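> Quick one, fold the following:
(one chain, ligands or ions: 3)
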Amino acid sequence: MTKAHIITYGCQMNEYDSHLVESQLVSLGLDMVDNVDAADFVLVNTCAVRGKPVDKVRTVLGDLRKQKHSRGLVVGMMGCLAQLEEGQQIARKFEVDVLLGTGSLLDIGEALSSNGRFWNLAFKDEIHDHIPPPPQGKLQAHLTIMRGCDHHCTYCIVPTTRGPQVSRTPESILRELHMQLEAGVQEVTLLGQNVNAYGIDQGRRVPGIPSFAELLRLVGDTGVKRIKFTTSHPMNFTEDVVLAMRDTPAVCDFIHLPVQSGSSRVLRRMAREYSRETYLGHVETIKKHLPNAVLSTDIIVGFPGETEADFQETLSLYDEVGYDSAFMFIYSARPGTPSYRHFEDLPREVKTERLQRLIEKQKEWSARKNAAYVGRHVEVLLRGDAYDANFLEGHTRGNHPIVVPKAVGATGAGIYTARIEHATPHTMYGKLLGLDGQVLPELPRFNPEAAALSAPLPML
Ligand code: SAH
Ligand code: SF4
Ligand code: F3S
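Residues are numbered from 1 along each chain as shown. Ligands and ions are numbered 1, 2, ... in the order given. Purely as a prediction, here's the structure:
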C-alpha cells in the first residue's frame, strides 16, 4: 500500500484523531491523497452518537466493499462506532480489513504490516502522551486535553465508545502547543468531552494536574493569540473558569454549555446532574463576569417522556438565556444506552414538529444577536478563500462564521479586524479594516465564469 485516504465523521475529537492517524501513516511512508479513487487504503473514522452517522458509515462501507472486490482496495474503520459491538457487526458484514478502537489508534503501523485482517479494540495508555506533529500551513489547531467521559447521561453512547476520562499532563499539552505555535498556529481549541472536569478523573483530582482554570492561564502564557475550548459540562461548571477567561486576554469570550433540556424533570431522567435553576445560575455567573460572552448550547428534543409542558420549558429557557447559536438534535435511541433499554421512544412526528419550533426560536435569536454586531469592529481569523474566491472566510472570536471581500494587503489567511456590514442568523458579512481603522480598498472582483467567456479562444 502506498496511497491512503481518511474519511472523517463525527466531532472535533474525531478530526483530531484522524490527524493523529494521518501523521502515523505519513511517517510510515504512505502518501495521503484527497479522494477514495486515488487511494489503495481507505480508513473511515466513525461516529456512533446518533443513528444518522451510523447509517452514513453503512453506506460508505458498502461502496468501499465494491472497490475492495473490484480493485483490491484495503478498507479500515476506526473511531467510536468501531469500539461498539454494533460497529463490529457492520465491519464483519462489509469485510473491513483493519479495525481500530478509540484507544488503539497508535497500532495503525502494526495493522498495515500484518497483511491480513487486523482488529484491535484495546485501550492503550501511550495514546495520552502521544504528540502528533502540528498541522502544516494552518492558523487553527485542535488539541485534545483529555479522552473519555465520566458522566452517565442516559441517552449517550460516548462513555461506552471512549471509556472513562483520562486527563493529559499539562507538560504534554504545552509541548504540543509549542510545536503548533512554531508551525504558525494562532488559534487553538482545547478539546475534551468535558473540558471543565480536566484534572478530575473518575471523581479524583489527579496529582500533578492543574484545574481547567489553571490550565487556561498556562495556555494563555504561551502567547497563542486565541484560545477556545469545547465542551463544558454544566455539572462541572465553576466560577474560577469564568474568572480565568476574564483575566486571560487570549481566551475568547465564547462558551458552549450544552443544556440538553429546559425541564428539570427531563434533566433528571437524562441523569444530567443539574437542574434548570442551577444551569440558569451558571449563565448568570458568566454574564456577570463576561458581559459580552457569546453563548451556545446543545439541545435534545423529544427525549422519551418529554411532554409538551417540558418542551415549553426548553423554549422558555432559550429565551431566558438568549443563546447566540445552538446545535439541536432529535433524540436518537442508541442501543446500549440506559434510555434505550428503559424508556419508550416518542412518535417521530412529535419529535420533528418540536425540532421545527425550536429551530424557529434559534433563528430568531441568532438573527437578533448577529444583527447587534452590524457596525461593530471585530477581530476575525480568516482561513482562506471562501466558496467564491473573491472572498475570504473565517470566524470571529465568538465563533461566528464571517465572509469578507479580499482587500489590498489582505488576500489570504491571517488575523484581521473587520467591520460588520450585514448579518444573517448564520453568517456575518464584513469589510476588512487597516491598522488605522479605515476600510481597506477591495481587490477588483473577478467572475470566474465571465473570465472564462472572455478568455481568448485557444489557437486551433
Ligand atoms: N460531552 C458533551 C457532548 C457529547 S455528544 C456534553 O455532554 O455536552 C454531543 C451532543 O450530541 C450532546 O451534547 C447531545 O446534545 C447530543 N447527543 C448525544 N447523544 C444523543 C442521542 N442519543 N440522541 C440525540 N442527541 C444526542
Ligand atoms: Fe464524537 Fe461522540 Fe461521535 Fe464519538 S460518538 S465521534 S465522541 S460525537
Ligand atoms: Fe455523553 Fe453526557 Fe458524556 S452527553 S459524552 S455522557 S457528558
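> from here on, contacts and neighbour counts on C-alpha atoms
Fine.
> ok, the nearest residue to F123 once chain neighbours are set aside - contacts?
Nearest residue to F123, sequence neighbours excluded (CA to CA, 6 or more residues apart in numbering): G103, at 4.1 Å. G103 makes contact with 121-125, 127, 162 under the criterion CA atoms under 8 Å, 6 or more residues apart in numbering.
> now, which of these sits nearest A82?
L121 (8.0 Å; CA to CA).
> Of all the residues in the stretch 251-400 of the chain, which one is nearest ligand 2?
R334 (10.6 Å; CA to the nearest ligand atom).
> any idea which helix or strand carries that residue?
Using DSSP states H and E, R334 maps to neither a helix nor a strand.
> try D17
Following DSSP H and E, one finds D17 within helix 12-27.
> okay, now the closest residue to ligand 3 within the stretch 201-350 of the chain: neighbour count?
Of all residues in the stretch 201-350 of the chain, H233 sits closest to ligand 3, at 6.4 Å by CA to the nearest ligand atom. As a burial measure, H233 scores 20 neighbours (other CA atoms under 10 Å).
> Let me see the contact set for it.
194-197, 257-258.
> Could you check how far it is from V21?
For H233, the distance to V21 equals 28 Å [CA to CA, to the nearest Å].
> closest to V241 among the contacts of H233?
Nearest member of the contacts of H233 to V241, counting by CA to CA, is N196, at 7.7 Å.
> What parts of the stretch 351-460 of the chain come near ligand 2?
Neighbours of ligand 2 within the stretch 351-460 of the chain, by CA under 6 Å from any ligand atom: none found.
> Low-confidence ranges, the stretch 351-460 of the chain, go.
448-460 (pLDDT under 70).
> The helix holding D17 near ligand 1 anywhere?
No. Helix 12-27 stays clear of ligand 1 (CA under 6 Å from any ligand atom), getting no nearer than 10.4 Å.
> looking at this, H5 is in a strand?
Yes. Counting by DSSP: H, G, I helix; E, B strand; the rest coil, H5 is found in a strand.
> show me what contacts the nearest residue to it once chain neighbours are set aside?
Nearest residue to H5, sequence neighbours excluded (CA to CA, 6+ apart): V42, at 4.9 Å. Each residue near V42 by CA under 8 Å, 6+ apart is listed here: 4-7, 36, 73-76.
> how does it look with 6 Å?
When contacts are counted by CA atoms under 6 Å, 6 or more residues apart in numbering, V42 touches 4-6, 75.
> Let's verify V54: helix, strand, or coil?
Note that with three-state DSSP, the state of V54 is helix.
> Look up how far M32 lies from it.
Taken as CA to CA, the span from V54 to M32 is 25 Å.
> Likewise for C149?
From C149 across to M32, the span is 31 Å (CA to CA).
> Looking at these two, which has the bigger crowd around it?
C149 (22 against 18).
> tell me which element that one is part of?
Going by DSSP H and E, C149 is not in any helix or strand.
> contacting residues around the closest residue to it other than its chain neighbours?
Once flanking residues are discounted, C149 sits nearest to Q165: 4.6 Å by CA to CA, 6+ apart. The neighbours of Q165, taking CA under 6 Å, 6+ apart as the test, are 147-150, 201.
> Mind doing that once more with 8 Å?
Q165 touches 146-150, 201-202, counting by CA under 8 Å, 6+ apart.
> Quick one: distance of stretch 290-303 to the chain centre.
Its chain's C-alpha centre and that of stretch 290-303 lie 15 Å apart, by CA atoms, centre = their mean, to the nearest Å.
> Of all the residues in the helix ranked longest in the chain, which ones are buried?
Ranked by residue count, the top helix of the chain under DSSP state H comes out as helix 348-371. Across helix 348-371, burial judged by 16 or more other CA atoms under 10 Å covers 351-352, 354-355, 358, 361-363, 365-371.
> what's the closest of those to A213?
Nearest member of the buried residues of helix 348-371 to A213, counting by CA to CA, is K369, at 27.7 Å.
> show me where this structure has helices.
Remark: helices assigned in the chain by DSSP H are 12-27, 51-71, 85-93, 108-113, 158-162, 170-182, 212-220, 239-247, 264-269, 276-289, 308-321, 338-342, 348-371, 448-454.
> List the contacts of stretch 203-221.
Defining contact as CA under 8 Å, 6+ apart, one finds that stretch 203-221 is touched by 169-170, 174, 195-200, 227, 240-245, 248-251.
> what about 6 Å?
Stretch 203-221 has contacts (CA under 6 Å, 6+ apart) with 196, 198-200, 240-241, 244, 250.
> From these, list the buried ones, please.
With neighbours counted by 16+ other CA under 10 Å, these contain buried members at 196, 198-200, 241, 244, 250.
> which of these come close to ligand 3?
Okay, of the buried ones among the contacts of stretch 203-221, nothing touches ligand 3 (CA under 6 Å from any ligand atom).
> In strands only, show me the residues you listed.
Judged by DSSP state E, strands contain the following of these: I200.
> Redo the buried ones among the contacts of stretch 203-221 as TSV? Include distance to ligand 2 and pLDDT.
Shown next, in TSV, are the buried ones among the contacts of stretch 203-221 (distance: CA to the nearest ligand atom, whole Å; pLDDT from 0 to 100):
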residue	distance to ligand 2	pLDDT
N196	16	96
Y198	16	98
G199	19	97
I200	19	98
V241	23	98
A244	26	98
A250	26	98
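> want to throw the buried ones among the contacts of stretch 203-221 into TSV with distance to F212?
Shown next, in TSV, are the buried ones among the contacts of stretch 203-221 (distance: CA to CA, whole Å):
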residue	distance to F212
N196	5
Y198	5
G199	7
I200	9
V241	7
A244	9
A250	15
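> among the buried ones among the contacts of stretch 203-221, which two are most distant?
Using CA to CA, those span at most 24.5 Å, a distance reached by I200 and A250.
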